[in-house]
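Participant: just a sequence and a predicted model for now, questions to come.
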Amino acid sequence: MKTNIQEQMFKELSDKTVFNKAQNYAYGYIDNVFNRNVFPTEEALDNLSNFDEELPTSSAKVEEVLSQLNTYGSPATVSTLGGRYFGFVIGSALPIGLAAKHLATYWDQVPAMHVLSPLGSKLESVVERWLVELFNFPKRTSAGFVSGTSSANLCGLAAARYRILKNQNWDINKQGLFNAPKIRIVTGRQAHSTVLKAIGILGLGHDTIEWVDVDNQGRIKVDALPELDCNTIVILQAGNVNSGAFDDFETICAKAQIAGAWVHIDGAFGLWAGAVKQLKYLTSGIEKANSWAVDGHKTLNTPYDCGIVLCEDSEAMTAALHMTGSYIIESTERDGMFYTPEMSRRARVIELWATLKYLGKNGIDEMILNMHERAKQFANEIRAIQGFKVENEVVFNQVIVRCESDTITEQVLKNVQELRECWAGGSVWFNHKVIRVSICSWATKTADISRSVNSFKKALLISKTNR
Ligand SMILES: *Cc1c(COP(=O)(O)O)cnc(C)c1O
């Protein structure tokens, strides 16, 4: 590196202008984002063309770079942080989570090994214990801190694959999958696509899947389960991505336990029901599974890029994800990389720890119960409007809305999105076009729901006048 840019950077480091600018831009953002249009305006989207430039030859002024990002980036963000974003299942972020992540940005820790970040290692151990206690999982359960549930599903299923083959004296790491004993996969017809992705990546193949029929909420029909055995991985859901429904863990885990099958739970957003007094019944029996995938960034509202894989068979998980090298320094403390696919990764546990510590058990309970109550409020208010129907039992935070026909539903959805008062996405529910509403933000208030329902009402009116 040429010394002139090095000198320049040391100057930026000491005079703090760029950091202060970023801070002020961020404050401006959070002052506005909870009230502004939920989706970027056409103008903001058009202005993104400002980024269509060649990689510059010479270095730019630090303020210019940041200013460009703020001027054209900020208005083009989707306000997923606010209280009226109901698309997909997208959590907001608590102030403490943003602040802790902000501070940790400057630390730039890599919790791959204890020796690389004793702090990261300590917080991962602490949060592992907190989560195991919170969800009432077996004490021996280990946690890996990954980017999200996609990755957590992959890790949990990798552990399952390792264990099932190991039990038959087949070492997957050494011998690979070719000629390995066959692994069976049993899951419901509405398994999340990231589960299928993991099955594909792990080389198990989608054709292997023995699909089980589901009921009208998307729950596995227990009577339709095939005979399970010790070569089977059963994949269940805590929170159907459309309806929010939960599989019958009590019954299915008991059957699996008798058969010696492995149970993996995709609990991306729904596992958190287990931390809420009034909703705990939904996850009853879930502690009898072998591995669980859950997000911090959805229901718990940590900043994005925060998932956790939990596995009661720590040996299977670490064996599945193990790596070594002459330069690796193993510790008697926690070395995070043995629980994740990555070696280097950011210390996302910092904001997860901060969020859990800030909320405490009561705060978690209160925040998630509010999401549930706002979902019920949405369902009640929308049902009261002629032309809307609610298609699911609102057991958690998801509401499925339908209009009189698929065509109207599609038009209404488009209008809702264009009105930008709130944002919801579409889906297909038992062959019908539907609008999915996911209440997943700490910030959603009663008034946000009424305002959003009003926008739905307006969207329906517009679709009628246009017809
Ligand atoms: C969101 C979601 C996933 C994927 O999680 P990411 O954090 O986006 O990787 C998997 N399963 C379910 C049920 C989900 O809702």
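Facilitator: Perfect, I can see it now.
Participant: now the residue of the stretch 1-150 of the chain found nearest the ligand. Its backbone dihedrals?
Facilitator: Scanning the stretch 1-150 of the chain for proximity to the ligand using C-beta to the nearest ligand atom identifies G148 as nearest, at 2.6 Å. Where C-beta positions appear, they are placed from N, C-alpha and C, glycine not excepted. Main-chain dihedrals, G148, degrees, to the nearest 10: phi 170, psi -170.
Participant: again, but for E391
Facilitator: Dihedral angles phi and psi of E391 (degrees, to the nearest 10) take the values phi -100, psi -10.
Participant: pretty sure it contacts V428?
Facilitator: No: E391 is beyond contact range of V428, at 11.2 Å (criterion: C-beta atoms under 8 Å).
Participant: comparing these two, which residue is more hemmed in?
Facilitator: When E391 and V428 are compared for neighbours, E391 comes out ahead with 19 against 10, by other C-beta atoms under 10 Å.
Participant: partner residues bridging the closest residue to the ligand within the stretch 301-450 of the chain?
Facilitator: When C-beta to the nearest ligand atom is the measure, the stretch 301-450 of the chain has its nearest residue to the ligand at G307, with 5.1 Å between them. Using DSSP bridges, the bridge partners assigned to G307 are V146, D295.
Participant: which residues touch it?
Facilitator: With contact taken as C-beta atoms under 8 Å, 6 or more residues apart in numbering, G307 is in contact with 145-152, 268, 293-297.
Participant: can I get those in TSV including neighbour count?
Facilitator: Listed next are the contacts of G307 as TSV, based on neighbours: other C-beta atoms under 10 Å:
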residue	neighbour count
F145	27
V146	26
S147	19
G148	21
T149	29
S150	20
S151	22
A152	31
A268	26
A293	33
V294	29
D295	27
G296	29
H297	28
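Participant: what's the most distant pair in those residues?
Facilitator: Pairwise distances across these (C-beta to C-beta) peak at 15.1 Å, for the pair F145 and A268.
Participant: where does V401 land in three-state SS?
Facilitator: Classification of V401 using DSSP: H, G, I helix; E, B strand; the rest coil returns strand.
Participant: partner residues bridging the closest residue to it other than its chain neighbours?
Facilitator: For V401, the nearest residue in space outside its immediate sequence neighbours is I435; the separation is 4.4 Å by C-beta to C-beta, 6 or more residues apart in numbering. Beta-bridge partners for I435, by DSSP bridges, are V401, G426.
Participant: how much space between I435 and V38?
Facilitator: Here the criterion is C-beta to C-beta, to the nearest Å. By it, I435 lies 15 Å from V38.
Participant: what of E381?
Facilitator: E381 is 18 Å from V38, by C-beta to C-beta.
Participant: quick one: which of these two has more around it?
Facilitator: When neighbours are counted by other C-beta under 10 Å, E381 and V38 differ, and V38 comes out ahead with 25 against 18.
Participant: let me know the secondary structure of that one.
Facilitator: V38 falls in the coil class when you classify it by three-state DSSP.
Participant: any idea of the pLDDT on it?
Facilitator: With respect to pLDDT, V38 scores 97.
Participant: so who does it touch?
Facilitator: With contacts taken as C-beta under 8 Å, 6+ apart, V38 has the following neighbours: V78, S79, G82, R84, Y85, R420, E421, C422, W423.
Participant: can you check A76 too?
Facilitator: Applying C-beta under 8 Å, 6+ apart as the definition, the contact partners of A76 turn out to be P40, A44, L45, N47, L48.
Participant: for R84, same thing?
Facilitator: For R84, the contacting residues are V38, E421, C422, W423, T444, D448, R451, S452, taking C-beta under 8 Å, 6+ apart as the criterion.
Participant: any chance of those residues in a markdown table, plus distance to the ligand and secondary structure?
Facilitator: Below are the contacts of R84 laid out as a markdown table (distance: C-beta to the nearest ligand atom, whole Å; DSSP: H, G, I helix; E, B strand; the rest coil):
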| residue | distance to the ligand | secondary structure |
| --- | --- | --- |
| V38 | 19 | coil |
| E421 | 24 | coil |
| C422 | 19 | coil |
| W423 | 16 | strand |
| T444 | 18 | coil |
| D448 | 21 | helix |
| R451 | 25 | helix |
| S452 | 21 | helix |
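Participant: for PyMOL, what selects the buried ones among the residues you listed?
Facilitator: One line in PyMOL is enough to select the buried ones among the contacts of R84; burial here means 16 or more other C-beta atoms under 10 Å:
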select buried, resi 38+421+422+423+444+448+452
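Participant: and the helix of greatest length in the chain, what's buried?
Facilitator: Of all the elements of type helix in the chain, the one with the most residues (DSSP state H) is helix 349-383. Buried residues in helix 349-383, counting neighbours by 16+ other C-beta under 10 Å, are found at 349-356, 359, 364-365, 367-368, 370-379, 381-382.
Participant: in the chain, where is pLDDT below threshold?
Facilitator: 1-3 (pLDDT under 70).
Participant: list the contacts for the residue nearest the centre of it?
Facilitator: Taking C-alpha atoms, centre = their mean as the criterion, D295 is the residue nearest the geometric centre of the chain, at 4.1 Å. Shown in contact with D295 (C-beta under 8 Å, 6+ apart): G91, G148, T149, A152, A268, F269, C306, G307, I308.
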